[in-house]
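Asker: Sequence and computational prediction follow.
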Amino acid sequence: MPTEPQAVPITILLTGVTGFVGKVVLEELVRRRAESTVQFDRILVLIRPLRGWHNDVRVITCDLMKPGCGLNAASKEELASKVTHIIHCAGCVSFDSPIDVLLAENVAASLNILQLAQSCSNLRRLEQLATLPKSALEVLAELHEGKKDADQIRRETGHPNDYTLAKCLAEHFMVQNKGATPLTIVRPSIISASWQYPFPGWIDSFAALAGPISAFALGGLKVLHGDPSAILDVVPVDKVAECLIREAFCSGPTYVNHEMAPTKFVHCVSTTKHGPSTWDIVYDTVMYFSQPENIVLYKPTGWYVGTDNRRFRFYEFVFQYLPLKMAELAALLMLDWDRAAKAKKMLMRLRQIDTHFRYFVEHTYEYRCDVEVLPADFDKRMYMEITLQGMRQNLLLPLLARENPREAAAHHHCDRETSG
């Protein structure tokens, strides 16, 4: 039976605060506490120690992939007695990572957090950020024992890549092993730049949609195999953080640990009403970064967006493969090994983008919306512009500064003149 909340000071345990979503969740919690819209005593953060944290945030050394989260006895005892809410945002989001890394950082870490949650006597809610017809334990055993590889299991389960497979396994393990732990699983769609907080357009990760947009913006990606009319469900990162916090402190029955509480699933999606089409994304990206004041490296072009395999292969070969291959060969002839390696790496990266994202841009996926994440007057074209501005400022120009400082200095000078 649900019980009334006990008069225990609210202490939030937060993981993944060095990641894209976790940073925004932490900022949102601290901001809302200052505005008195959320009340809590303290946030405990499981990462490596850093200097300069606010007094409301305390860092605890850990390793989520180790048993017991790598915590010492004193930390375990403190967390078990004080923690009331856990928001688990940590995980590996790279599509390119080996399956063993994805399993360790997404599955093993989640199970270790679950075990930690089960030791917390005052726990009110554990939240897992997620993205099989078989038992998860059976699938994991087949992977570890070498009976099947990741490709076979992906084909059987319908997962497009190892990342979604690992996140699904983590989710199933959490549900199967939660026992009496009050568990909420939040499933966001494609997470992108912030809409409002910490400021419009904030983004610090090339993951998800930022990958292909960046490749188009830099002038490397010129073709995309996908349905131009397919609608992508894109949700701002600050709305995901808002959803996580709302669900952690949601009103209604509060289940104290050791009482059976149902698992709650929340879909944090924008729906097709607010999502951009594949064509909108490519067109807006090319147009924005083609403006003289917005060009980052080269003026972008989009030669083909569609599902016709013959046309796609032709345009890819002529406008994408040949230029990069010729650049690689020319660099080799001039004994410029670094330039040759960069051209080869770029070609591989562009093909990886096609492989990883084809699944998401060839079909429109309708997701069930539990609560309205975005307001009715949300302007998706304005959000797209905010996203492109944020990516240029927060991702692409810093990348250019690392790779080509002289070119970056020229851009900085132009930006100052434009703003002046």
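Answerer: Yes, it's here. Numbers count the residues shown, from 1 in each chain.
Asker: Would you map the strands across the stretch 101-250 of the chain?
Answerer: Secondary structure of the stretch 101-250 of the chain by DSSP state E, counting those that start in this stretch: the strands cover 125-129, 183-188, 190-192, 223-225, 234-236.
Asker: mind putting the ones you listed in TSV, mean neighbour count included?
Answerer: Any C-beta I mention is one placed from the backbone N, CA and C, and that applies to glycine too. Output for those, formatted as TSV (neighbours: other CB atoms under 10 Å):
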stretch	mean neighbour count
strand 125-129	26
strand 183-188	22
strand 190-192	25
strand 223-225	25
strand 234-236	25
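Asker: Mean pLDDT for the ones you listed - can I get that in CSV?
Answerer: Formatted as CSV, the strands of the stretch 101-250 of the chain follow (pLDDT from 0 to 100):
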stretch, mean pLDDT
strand 125-129, 89
strand 183-188, 89
strand 190-192, 93
strand 223-225, 93
strand 234-236, 95
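Asker: Could I get the ones you listed in a markdown table, plus columns for distance to residue 108?
Answerer: Formatted as a markdown table, these follow (distance: least, CB to CB, whole Å):
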| stretch | distance to residue 108 |
| --- | --- |
| strand 125-129 | 14 |
| strand 183-188 | 17 |
| strand 190-192 | 23 |
| strand 223-225 | 34 |
| strand 234-236 | 27 |
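Asker: Among those, which comes closest to residue 8?
Answerer: Proximity to residue 8 (CB to CB) singles out strand 125-129 among those, at 13.0 Å.
Asker: for the longest helix along the chain, what is the average pLDDT?
Answerer: Using DSSP state H, we find that the single longest helix of the chain is helix 337-361. For helix 337-361, the mean per-residue pLDDT is 89.
Asker: Give the other helices and strands that that helix contacts.
Answerer: The contact analysis (3 or more CB pairs under 8 Å, 6 or more residues apart in numbering; DSSP states H and E) places helix 337-361 against helix 210-217, strand 223-225, helix 322-333.
Asker: by contact count, what packs against the first one?
Answerer: Right, helix 210-217. helix 278-290, helix 337-361, helix 380-391.
Asker: rerun that using 10 Å as the cut-off
Answerer: Contacts defined by 3 or more CB pairs under 10 Å, 6 or more residues apart in numbering; DSSP states H and E place helix 210-217 against strand 190-192, strand 223-225, helix 278-290, helix 337-361, helix 380-391.
Asker: Now do that helix against helix 278-290, angle only.
Answerer: Here helix 210-217 runs at an angle of 50 degrees relative to helix 278-290 (axes from the mean of the first three to the mean of the last three CA atoms, to 10 degrees).
Asker: chain center to helix 210-217: distance?
Answerer: For helix 210-217, the separation from the chain centroid amounts to 15 Å (computed by CA atoms, centre = their mean, to the nearest Å).
Asker: mind saving the C-alpha coords of it as CSV?
Answerer: The C-alpha trace of helix 210-217 is given here as CSV (Å, rounded to 0.1, in the frame of the first residue of the first chain):
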residue,chain,number,x,y,z
ALA,A,210,24.1,16.7,-33.9
GLY,A,211,26.3,14.2,-35.9
PRO,A,212,24.7,14.4,-39.3
ILE,A,213,23.9,18.1,-38.9
SER,A,214,27.6,18.9,-38.1
ALA,A,215,28.7,16.8,-41.1
PHE,A,216,26.4,18.8,-43.4
ALA,A,217,27.4,22.1,-41.8
